[in-house]
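Novice: Sequence and predicted structure, then a few things I'm wondering about:
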Amino acid sequence: MGTQHAMTTLQQTPPRLMLLFTTTGYEAREFVEAAQQLGLDTVLGSDRCHVLDNPWQDGALPLRFEQPALAAAQIVEYARTHPLDAIVPVGDTPVLTAALANEALGLAHNPPHAAAASRNKYRMRQLLRDAGLQVPWFTCFPLHADPQVLQHEVPYPCVLKPLALSASRGVMRANTPQEFVRAFHRLGALLRTPAIRLRHDEADDTVLVETFIPGVEVALEGLLTAGRLQVLALFDKPDPLDGPFFEETLYITPSRLSAETQAALIRCTEQAAQALGLMHGPVHAELRMNQHGPWILEVAARAIGGL
């Protein structure tokens, strides 16, 4: 009787989900509400202050995402007394921490090397190119380099990008050497701000430069399970995104593109995820389509951001 009661109690225990998010993010509440609607026991891990006692009143486990190995070890230690069934990162910053913690706990996860590649646009470009996918010409320059010298080393029009920021922050088009110099200085000023330097991310010491790819831009939202892509939504971006800046504006779904074009974009996204080694969890991809076919701009191991 006692054993049967214990088994019934165990079966009724809801799965426990840990959500990892940054205190500067704004999506956590929606994720928590969705988890509660699914009947999940939800716990939080964030980069909140580890000295003050629960300053955000969310009971979150304080973690240092700029030290992913340490943060993952803290999660593993927490799981010894609070078993976890899944760890999901919200946003780019906790992606590597989640991969390392999931791996250590034997939970479904992306390989850490793939998670790291999804957060570094230069490494991502290398893997996509090596897999035979269409990517723009690209190169990297150190942040301290002299743009007056570099302006003669790139084709135009080109696009300057930070390696590890999201939501198109710091992404600028340059049509001439003079515009390149101005954009390089502007991006450098952004990457030297205290908020960025506190990340202690080596990627913030480098600038990616690539050729501008004309065409229609879309965003794809999906889920990977054992490397297989399930598409949740394909978004058209009706506003022309030709620069000089690339602000996020309208997203429209369902897509108005032809079935053939949509199939090509979906196929390209799945190939890109495989090239990075992503296997499990949400995927957010940005692509462009022109007369040469689909071009993969980004594959992030996270759900879509914004509102």
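Specialist: That came through fine. Numbers count the residues shown, from 1 in each chain.

Novice: contacts, neighbours, all on C-alpha from now
Specialist: Noted.

Novice: pLDDT below threshold where in the stretch 51-200 of the chain?
Specialist: In the predicted model of the stretch 51-200 of the chain, residues 51-59 satisfy pLDDT under 70.

Novice: What are the boundaries of the helices in it?
Specialist: With helices called from DSSP state H, counting those that start in this stretch, the stretch 51-200 of the chain shows them at 68-81, 95-105, 112-118, 121-130, 147-150, 177-191, 194-197.

Novice: Turn those helices into a markdown table, columns for distance to Asp236 and mean neighbour count.
Specialist: Output for the helices of the stretch 51-200 of the chain, formatted as a markdown table (distance: least, Cα to Cα, whole Å; neighbours: other Cα atoms under 10 Å):
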| stretch | distance to Asp236 | mean neighbour count |
| --- | --- | --- |
| helix 68-81 | 34 | 17 |
| helix 95-105 | 26 | 24 |
| helix 112-118 | 22 | 22 |
| helix 121-130 | 22 | 20 |
| helix 147-150 | 35 | 14 |
| helix 177-191 | 27 | 18 |
| helix 194-197 | 31 | 12 |
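
Novice: of those, which approaches Gln271 most closely?
Specialist: Nearest to Gln271, of all the helices of the stretch 51-200 of the chain, is helix 121-130, at 8.7 Å by Cα to Cα.

Novice: Check which helices and strands the closest one is in contact with.
Specialist: In this structure, helix 121-130 makes packing contacts with helix 112-118, strand 138-142, helix 259-276, judged by 3 or more Cα pairs under 8 Å, 6 or more residues apart in numbering; DSSP states H and E.

Novice: Just say which of the ones you listed is most tucked in.
Specialist: helix 112-118 (a mean of 22; mean count of other Cα atoms under 10 Å).

Novice: May I have that one exported as PDB, CA atoms only?
Specialist: Coordinates of each C-alpha in helix 112-118 appear next as PDB, following Å, rounded to 0.1, in the frame of the first residue of the first chain:
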ATOM      1  CA  PRO A 112      28.700  22.800 -26.300                       C
ATOM      2  CA  HIS A 113      30.900  23.400 -29.400                       C
ATOM      3  CA  ALA A 114      27.700  23.900 -31.500                       C
ATOM      4  CA  ALA A 115      26.200  26.200 -28.900                       C
ATOM      5  CA  ALA A 116      29.400  28.300 -28.800                       C
ATOM      6  CA  ALA A 117      29.500  28.500 -32.600                       C
ATOM      7  CA  SER A 118      25.900  29.800 -32.700                       C
END
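
Novice: what does stretch 22-41 contact?
Specialist: Residues outside stretch 22-41 that contact it (Cα atoms under 8 Å, 6 or more residues apart in numbering): 14-17, 19, 21, 42, 46-48, 90-91, 93-94, 305-307.

Novice: Are any of these buried, and if so which?
Specialist: Neighbour counting by 16 or more other Cα atoms under 10 Å classes 16-17, 19, 21, 42, 46-48, 90-91, 93-94 among the contacts of stretch 22-41 as buried.

Novice: follow-up on the earlier one: with distance to Pro194 added, can I get the helices and strands packed on helix 121-130 in CSV?
Specialist: Output for these, formatted as CSV (distance: least, Cα to Cα, whole Å):
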stretch, distance to Pro194
helix 112-118, 23
strand 138-142, 18
helix 259-276, 31
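
Novice: Phe180 is in contact with Val149, isn't it?
Specialist: No - with contact defined as Cα atoms under 8 Å, Phe180 does not reach Val149; the gap is 10.8 Å.

Novice: Going along the chain, name the strands of the stretch 201-307 of the chain.
Specialist: 206-211, 216-225, 228-236, 281-290, 293-300 (DSSP state E, counting those that start in this stretch).

Novice: between these, which gets nearest to Leu160?
Specialist: Checking these against Leu160 by Cα to Cα gives strand 206-211 as the closest, at 4.6 Å.

Novice: With just CA atoms, put the closest one into CSV.
Specialist: Extracted in CSV, the C-alpha atoms of strand 206-211 (Å, rounded to 0.1, in the frame of the first residue of the first chain):
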residue,chain,number,x,y,z
THR,A,206,36.6,41.7,-33.0
VAL,A,207,34.7,43.2,-35.9
LEU,A,208,33.2,41.0,-38.6
VAL,A,209,33.0,42.5,-42.1
GLU,A,210,31.1,40.8,-44.9
THR,A,211,29.7,41.7,-48.3
